[in-house]
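Q: Fold the following for me, if possible:
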Amino acid sequence: MDLSAGEPIAERVRWVLSRIRASADKAGRDPVGIRLVAATKTVTVERIQAGIDAGLSILGENRVQEAIPKMAALTQAPVRWHFIGQLQRRKVRSVIGLFDLIHSVDSLELAQEIDRRAGESGRRQDVLLEVNVGGELTKAGFRPADLPELIKRIAVFAHLRIKGLMAIPPPTPDGESARRYFVDLRELARRIGAQGVPGVTMDELSMGMSNDYEVAVEEGATLVRVGNAIFGARHA
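A: Okay, the predicted model is just below:
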């Protein structure tokens, strides 16, 4: 059964974690290899803290300007921060050093800017490459057919590490309808991994959100980005 919108955040966190474990068991996977990224866009610090108290350990933010005050308020919390929104090149400098992982590198030019800014900061930034699995004209991301060759050009950047892929499928009526896109991303990661490009690993697949994360886990997700199922519908 699904939880109602009125359920406490702690109960909703436990429910999502239990569904991840159940989906992993169904697919014969070890649940330890699957991590929940709580999408906290527009969520207040108080509600985020309730989620942390219930077991959240990775928080995903879409906007740098919204993330910074939350990070300051939760500086003592035992959490990691991931950047999961579309990243503009002019905002890259603000992101470097704040986020453990950037999920949404969607162009060669953005990768180049991250490499430059990370180099200036004396860091090496972990990133995922965003793939436009549905071929949507309005959505950012690499074309699947282009990525096996483009990844060789990105891999030469000394100040970023490619850890895997991320995708947001086209809108679907249910999680089952999104399955083929998750399979496509998993297979693309497999092909890229088989190329053996130095400095490139396909350890992470960031796929699945509130309406389809269970199917994503069945198809190989290592990171699922869940917001509404934990905090309720966004109001902004």
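
Q: Quick check: Asp174 touching Asn211?
A: Yes. Using Cβ atoms under 8 Å, Asp174 is in contact with Asn211, at 7.3 Å. Glycine gets a C-beta too; all of them are placed from N, C-alpha and C.

Q: longest helix in the chain, by residue count?
A: helix 9-27 (DSSP state H).

Q: what element comes up after it heading to the C-terminus?
A: Counting by DSSP states H and E, the next helix or strand C-terminal to helix 9-27 is strand 35-39.

Q: Output that following strand as CSV, restricted to C-alpha atoms.
A: Taking Å, rounded to 0.1, in the frame of the first residue of the first chain, the C-alpha atoms of strand 35-39 are listed here in CSV:
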residue,chain,number,x,y,z
ARG,A,35,21.5,4.7,-2.2
LEU,A,36,18.6,7.1,-1.7
VAL,A,37,19.2,10.7,-2.7
ALA,A,38,16.5,12.8,-1.1
ALA,A,39,15.5,15.6,-3.5
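
Q: List the contacts of that strand.
A: 13, 16-17, 20, 48, 51, 56-60, 62, 82, 84, 206, 209, 222-227, 230-231 (Cβ atoms under 8 Å, 6 or more residues apart in numbering).

Q: and the angle from that strand to helix 9-27?
A: 140 degrees (axes from the mean of the first three to the mean of the last three Cα atoms, to 10 degrees).

Q: Start at 23, not 1
A: OK, 23 is where the count begins now, so the last one is strand 57-61.

Q: ok, strand 57-61: who's next to it in the sheet?
A: strand 80-83 (parallel), strand 245-248 (parallel) (DSSP bridges).

Q: And the helices in this structure, which stretches?
A: Under DSSP H, the chain gives helices at 31-49, 67-75, 86-95, 114-117, 130-142, 169-176, 201-217, 235-240, 250-253.

Q: sorry, back to before: just list what the longest helix of the chain packs against, helices and strands only.
A: On a contact count with 3 or more Cβ pairs under 8 Å, 6 or more residues apart in numbering; DSSP states H and E, helix 31-49 meets strand 57-61, helix 67-75, helix 235-240, helix 250-253.

Q: Do me a favour and average the pLDDT over the third one.
A: Read that as helix 235-240. In this model, helix 235-240 has an average pLDDT of 98.

Q: which helices and strands sit right next to it?
A: Here helix 235-240 touches helix 31-49, helix 201-217, strand 245-248, going by 3+ Cβ pairs under 8 Å, 6+ apart.

Q: what's the closest of the ones you listed to Pro170?
A: When these are compared by Cβ to Cβ, helix 201-217 sits nearest Pro170, at 5.7 Å.

Q: Any stretches of this structure with poor pLDDT?
A: By pLDDT under 70, the low-scoring segments of the chain are 23-28, 257-258.

Q: Leu120 against Trp103, yeah?
A: Yes. Using Cβ under 8 Å, Leu120 is in contact with Trp103, at 6.5 Å.

Q: any shared contact partners between the two?
A: Overlap of the contact sets of Leu120 and Trp103 (by Cβ under 8 Å, 6+ apart) consists of 89, 93.

Q: Neighbour count for these two, which is higher?
A: Trp103 (20 against 14; other Cβ atoms under 10 Å).
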